[in-house]
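1. 3D model of this:
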Amino acid sequence: MDASAVTTADLDLIQRIIPHRYPFLLIDKVKDVVLNESCVGVKCITFNEPQFQGHFPGMPIFPGVMIIEAMAQTSGVLVGLSMDLVDKNAKVFFMGVDGVKFRRKVVPGDVLELHVKALRGGGRVWKFEGRAMVEGELACEASFTAMFDLPKA
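-> Numbering: from 1, shown residues only. Presented below is the predicted three-dimensional model:
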């Protein structure tokens, strides 16, 4: 696969890059990929997701920690494409999350756009800034660091 030509990732390609699966795969697609720099993940928030049974009954709100996780999964796809990790069983782990701010509720019916930008990377440890947007309005922002467990050659 020539990752340099990829500008989008559908669900199939996402699952070939990151190990997350239902119910914890939190992105539906990735678009606007600029290798080693940035991309935008997309998560369609639907009422039938399991977290809404308890968060909160009668007032479903997508949990903030899951927004941050969705940003991290988006960044994992960016790194996977940038470092040619498709079908290579790489794992990704959080190392730190900083400066998190929540600005609006995310509710069923919203389309969450996860804008991630690589601040530092190229090896095992990458640093990102992320912004979660709904219809152009900021829902969450954070900086985060992740370590990639690269497969042995």
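
2. what's the neighbour count on the closest residue to G109 other than its chain neighbours?
-> With sequence-adjacent residues excluded and distances taken as Cβ to Cβ, 6 or more residues apart in numbering, G109 is closest to I45, at 6.7 Å. The way it works is simple: take the backbone N, C-alpha and C, and place the C-beta from them, glycine included. Per other Cβ atoms under 10 Å, the neighbour tally for I45 reads 20.

3. helix/strand/coil for I68?
-> helix (DSSP: H, G, I helix; E, B strand; the rest coil).

4. Per-residue pLDDT of it, please?
-> What the model reports as pLDDT for I68 is 98.

5. Share the number of residues neighbouring it, please.
-> I68: 22 neighbours (other Cβ under 10 Å).

6. check contacts around the residue nearest to G109.
-> Contact analysis of I45 by Cβ atoms under 8 Å, 6 or more residues apart in numbering lists F62, V106, V107, P108, G109, D110, V111, L112.

7. Out of those, who's the most crowded?
-> F62 leads those on contacts (other Cβ under 10 Å) with 25 neighbours.

8. correct me, but that residue touches L112?
-> Yes - at 7.4 Å, F62 counts as touching L112 under the criterion of Cβ atoms under 8 Å.

9. Quickly list what's touching both of these two.
-> I45, V106.

10. Report the beta-bridge partners for C39.
-> When assigned by DSSP bridges, C39 has beta-bridge partners V116.

11. For this structure, list the residue farthest from the centre, please.
-> Computed with Cα atoms, centre = their mean, the residue of the chain farthest from its C-alpha average is G58, at 27.3 Å.

12. isn't there a strand covering it?
-> No - according to three-state DSSP, G58 belongs to no strand; its state is coil.

13. Quickly find the element holding the spatially most central residue of the chain.
-> Nearest to the geometric centre of the chain sits T74, at 2.5 Å (Cα atoms, centre = their mean). Using DSSP states H and E, T74 sits in helix 64-82.

14. any idea of the mean pLDDT in whichever helix or strand comes after that helix?
-> Counting by DSSP H and E, the next helix or strand C-terminal to helix 64-82 is strand 91-102. Average pLDDT, strand 91-102: 95.
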